[in-house]
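Enquirer: The following comprises the amino acid sequence and a computationally predicted model.
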Amino acid sequence: MNLEDDILIENFLRNELSDQERTSFLERIKSDPDFKEQYLLEKQLHESLNEEDWSFVNTIDSKEADEYEALFKSEEIQNLKEVIKNASTNSKGDRSKVIRLLTGIAAAVVIGIFALRPILSPSVLDTNTLYASYADFNNLPSFAERSSEDINENLVTAEKLFKEKNYEKAAFTFNTILDSDKSLSGAYIYAALAESELGNFDKAIEVLNELESSDLIDSEKAYWYKSLVYIKANQVEQAKKELKSIIEKSLFNKGKAQELLKELE
């Protein structure tokens, strides 16, 4: 794996790719097994150094969570994290070999202390990649493409902010628009996705529940986007529930819902 791929993967993990680059990245993961393996290794290292992103934490009970938290904050693990940071930053050799070695060491330390579950197992569901793949920001409805007579300029501005990944301002603008006009189904979707990107999952679901309960023609799309928000929030069972509703009721994106449900099971 070359340096360019290392940089590409790092930029993806930091959410620094353009929409086009993001789409190409996800397509490559599907078609290139070696690249996918490298991505998963990089992701493991990224999560091992970021206590906010340990993907398993939402899938365990409170007792286990307390034990993991205590482990993560222990002096031994903090020292190990520092070693990993220094080695991955300073190594001039094959970075993938360094990552394999260090993530293996980290996993061995954790398993040796608690012997609870294989934290870095390749079978762990990669919800971030699933979300990014199925959310497909490039195919969201565009307000900018409509006639200027039919569209509020604030919507165009908000869409531009979203595409520039300025999610905080985009969420604020879309929510402000919705406060005065509840008839814009696309605005609900953009607002919810912006909130989701900010990690405001409860707010995202609240926005989509409002769309679902409306009499708008696109109200059924709320089920699909709620399933995506739940996936990003790592609430897999809730996501499955929404997907099953789509399939049973033959709602928007039924085919994709069937495909995604298989990925989750």
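Expert: Structure's in. What do you need?

Enquirer: The helix or strand encompassing residue 175 packs against which elements?
Expert: Element membership of residue 175, judged by DSSP states H and E, is helix 167-180. Counting contacts by 3 or more C-beta pairs under 8 Å, 6 or more residues apart in numbering; DSSP states H and E, helix 167-180 is packed against helix 153-163, helix 185-197, helix 201-212. C-beta here means a position set from N, CA and C on the backbone, and glycine is covered the same way.

Enquirer: tell me the most buried of those helices?
Expert: Of the helices and strands packed on helix 167-180, the one with the most neighbours on average (mean count of other C-beta atoms under 10 Å) is helix 185-197, at a mean of 25.

Enquirer: Any stretches of the stretch 101-250 of the chain with poor pLDDT?
Expert: Across the stretch 101-250 of the chain, the ranges flagged by pLDDT under 70 are 101-125, 144-151.

Enquirer: Show me what counts as buried in the helix holding residue 175.
Expert: Within helix 167-180, the residues scored as buried using 16 or more other C-beta atoms under 10 Å are 167, 170-171, 173-175, 177-178.

Enquirer: what's the closest of the residues you listed to residue 197?
Expert: Among the buried residues of helix 167-180, residue 167 lies closest to residue 197 (C-beta to C-beta), at 4.4 Å.

Enquirer: Export the helices and strands packed on helix 167-180 to a markdown table and append columns for distance to residue 129.
Expert: Shown next, in a markdown table, are the helices and strands packed on helix 167-180 (distance: least, C-beta to C-beta, whole Å):
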| stretch | distance to residue 129 |
| --- | --- |
| helix 153-163 | 21 |
| helix 185-197 | 15 |
| helix 201-212 | 18 |
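
Enquirer: Nearest to residue 258 among the ones you listed would be which one?
Expert: Across the helices and strands packed on helix 167-180, closest to residue 258 is helix 201-212 (C-beta to C-beta), at 20.1 Å.
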